[in-house]
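# Generate a structure from the sequence data that follows.
(chains A and B)
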Amino acid sequence: MNSTDIIKRIQAHLGDRVLETLHRSDRRIYIDIEASTLEAASRLMIDEFGARFQIATGVDTRQGIEVMYHWALDEKDCLVTIRILLDHTSPTLDSIALICPAAEWIEREIWELLGVDFVGHPDLRHLLLDADWPEGKYPMRRDYGVTT
Amino acid sequence: MSKRTIIPIGPYHALQEEPEFFKLHVEGEKVVHLDIELGYNHRGIEKLSESKDFEETIFLVERICGICSTSHPLACVQAVEDAGKIPVPERALFIRSTVAELERIHSHLLWLGLAGHFLGFNTIWMWAWRFREDVLNILELITGNRNHYGMMKPGGVRRDVNKTDLPAIKGLLDALQDPIKMFRDAVIQDPLIHARTQGVGILTREMAIAYGALGPTARASGVEIDVRRDHPHAAYDLVEWGVVTCEKGDVFDKAVVRILEMFESIRIIEQCLEQLEKVNGPVDSDPRFVAPGEGIGHYEAPRGEVFHYIRSDGSNRPIRHKVRAPSFMNVPTNRETVLGATVADATIILAAVDPCYCCTERMAVAIDRDSGDHLLDARDLIRLSCEKTDHMMAETGLQGPDLPMN
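A predicted model of the protein is given here:
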């Protein structure tokens, strides 16, 4: 199965919930989805592809806050990135920590550094910052230090 | 119910790569809960990287860790190369793998030494670190530095390896074979080490997968993953080598995986050195700019996969740089492995995932202000661990690993 087949298989499962696909190379695939599809997409990666959760990345961009879940398909030499764009006003995502314990820490990190709220997270407290860090101040936001 | 005592390990402790705070909750001898606190070493490197250009970023990530000081740069340059679709000359690939595998040997020897120390076998500690010096000498010969080699750059490596140095490098490498064999025999066959480490701190295969465990921590539990083989990069698909795995996932298996991996590393380096004799050409494609886009680079560091994500907008610096070190995934597995263990075993279990050991030990015996519980310190833990070994020696009459040095 090559990377084109992987994209086809993801599209077959998620249908029109896949907003866009980017085939950067045979070893790197990017899939854009809505926030509401995250759990289905994560289950698909774990159950169907047997993928290994590598990490998640949050980026503050002009369009909104992007959260990327990086999955490794070790047997197929391919990395799949599931990408979600959230708006700046109240970025919220369903936590996948219960179906994928490996994501527990990184969701805590993205919550405290970028202010994305992970609904259903079993233990959403500070990971890197101190427990008394002021609420609503997110150091990885572009406006941090400008407006605060 | 017996009284609950909290044993703090950290925030600054020689067991750990970075300052981390493990709170072991124990009842009598048994560990009943583990609380992990991070953030004492958060240096904001991801944010800092956004103000560095793509060449400077490599030097920055080299300083994330003193032990994996070529793993982060290697993953990072691969991310930049992926984003900018930058080619790498073949000779540079062999140099990359040579330096990276030497780093793996020195890192595993470092771990082996400390593991020996925690178990009360200080001879293992001293000999392992003595032979680690030889590895650092090879690195110095190749790169000019014992640590922080400054070799990786987008598009290749910064310095070529002199062909006139190759026989000397080969000689030093050959001289490492016997000491590593000696460690293998001493550790793998010793009944006292079996008694202390077999069946201790077991991470099951299912848990290793659920937690996304990496490197020797995963491979000791029978999860056969290795980024070097699964996602080939550098020269790993151009040489012959094997992935070492074990099945049981206890402390012993983690040690076995690391020891046997050193032989594979030597095999890889030997083949790379042979190729460096034959393959000529530049070692740097000298890229001038990174096209807009994003890239992921990953590399199998001594502790597991290092992951770097870079996004470029076409300027000379990244607009986002995500770094994930293997310990970020491996440390949470301690919550599974240490539960139900005795306090005397906790030290070696927490150390078995090999969180890099480069920080200062600074511990105090204290009484917890909130609960009034007595707090044990790190020295107490190592003492308890060593006492357990002494106790076993007295009971069984065994002497511990034999290291026949001349």
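
# A:Asp143 sits in which helix or strand?
Applying DSSP states H and E as the criterion places A:Asp143 outside every helix and strand.

# If I look at it, what pLDDT would I see?
Looking at A:Asp143, its pLDDT reads 86.

# From B:Gln78, how far out is it?
Going from A:Asp143 to B:Gln78 by Cβ to Cβ, to the nearest Å gives 32 Å. Quick note: C-beta positions are derived from backbone N, CA and C, even for glycine.

# neighbour count winner among the two?
B:Gln78 (26 against 10; other Cβ atoms under 10 Å in any protein chain shown).

# Name the SS class of the closest residue in space to the more buried one that isn't next to it in sequence, please.
Excluding the flanking residues, the one nearest B:Gln78 by Cβ to Cβ, 6 or more residues apart in numbering or on different chains is B:Gly297, at 3.0 Å. Secondary structure for B:Gly297, judged by DSSP: H, G, I helix; E, B strand; the rest coil, is strand.

# burial measure for B:Gly297, as a count.
23.

# Who are the contact partners of it?
B:74-82, B:233, B:307-308, B:310 (Cβ atoms under 8 Å, 6 or more residues apart in numbering or on different chains).

# what about residue 114, how many neighbours?
You didn't pick a chain, so chain A it is. There are 21 residues near A:Leu114, going by other Cβ under 10 Å.

# try again with chain B
B:Leu114, neighbours per other Cβ under 10 Å, totals 20.

# Show me the contacts of B:Gly297 that map onto helices.
Among those, the members found in helices (DSSP state H) are B:Leu74, B:Ala75, B:Cys76, B:Val77, B:Gln78, B:Ala79, B:Val80, B:Glu81, B:Asp82.

# low-scoring stretches of chain B, by residue?
Counting by pLDDT under 70, chain B contains low-confidence residues at B:1-2, B:13-18, B:355-379, B:404-406.

# Without its sequence neighbours, what residue ends up closest to the residue in it that chain A sits nearest to?
Going by Cβ to the nearest Cβ, chain A is nearest to B:Gly212 of chain B, at 3.1 Å. Closest residue to B:Gly212 in three dimensions, ignoring its sequence neighbours and counting by Cβ to Cβ, 6+ apart: A:Ala102, at 3.1 Å.

# And A:Gln63, by the same measure?
A:Leu85 (6.1 Å).

# just checking, the one you found touches A:Met68?
No: the pair A:Leu85 / A:Met68 is not scored as a contact, 10.1 Å apart, by Cβ atoms under 8 Å.

# These two - which one has more neighbours?
Set side by side, A:Leu85 and A:Met68 show more neighbours around A:Met68, with 22 against 17, by other Cβ under 10 Å.

# before we move on, which element is the more buried one in?
Going by DSSP H and E, A:Met68 is part of strand A:65-73.

# List the strands paired with that strand, with their directions.
strand A:52-60 (antiparallel), strand A:78-86 (antiparallel) (DSSP bridges).

# chain center to the first one: distance?
Its chain's C-alpha centre lies 5 Å from the corresponding centre of strand A:52-60 when counted by Cα atoms, centre = their mean, to the nearest Å.

# Which residues outside it are in contact with it?
By Cβ under 8 Å, 6+ apart, the list of residues contacting strand A:52-60 reads A:45-46, A:65-74, A:79, A:100, A:102-103, A:106-107, A:110, A:113-114, A:116, A:140-142, B:209, B:212, B:225, B:298, B:305, B:307, B:309, B:311, B:319-320, B:322, B:324, B:328-329.

# re earlier: for the strand holding A:Met68, the averaged confidence score.
According to the model, strand A:65-73 has a mean pLDDT of 96.

# So what's the gap between it and the chain middle?
Centre-to-centre, strand A:65-73 and its host chain are 4 Å apart (Cα atoms, centre = their mean).

# Would you mind confirming that A:Val67 makes contact with A:Thr81?
No: assessed by Cβ under 8 Å, A:Val67 is found out of contact with A:Thr81, at 10.4 Å.

# Those two: who's more crowded?
Shown here are A:Val67 and A:Thr81; by other Cβ under 10 Å, A:Val67 has more neighbours (24 against 21).

# What ranges does the stretch 101-250 of chain B have for its helices?
B:122-143, B:166-188, B:191-197, B:205-210, B:215-219, B:227-230 (DSSP state H, counting those that start in this stretch).

# Show me what counts as buried in the second one.
Neighbour-count burial for helix B:166-188 flags B:Ile169, B:Lys170, B:Leu173, B:Leu176, B:Pro179, B:Ile180, B:Met182, B:Phe183, B:Ala186, B:Val187 (criterion: 16 or more other Cβ atoms under 10 Å in any protein chain shown).

# ok, B:Met392 - contacts?
Counting by Cβ under 8 Å, 6+ apart, B:Met392 has contacts B:Leu192, B:Ala195, B:Arg196, B:Leu398.

# separation between A:Asp94 and A:Glu107?
10 Å.

# Which neighbours do these two have in common?
With Cβ under 8 Å, 6+ apart as the test, A:Asp94 and A:Glu107 both reach A:Phe118.

# hmm, back to that, dig out what the residue nearest to B:Gln78 forms beta bridges with.
B:His308.

# quick one: it and A:Leu114, what's the gap?
Counting by Cβ to Cβ, the gap from B:Gly297 to A:Leu114 is 22 Å.

# what's the answer for B:Ser69, then?
28 Å.

# Whatever residue of chain A ends up closest to chain B: what's it in contact with?
Residue nearest to chain B within chain A: A:Ala102 (3.1 Å; Cβ to the nearest Cβ). Going by Cβ under 8 Å, 6+ apart, A:Ala102 touches A:Phe53, B:Ala210, B:Tyr211, B:Gly212, B:Met329, B:Pro332.
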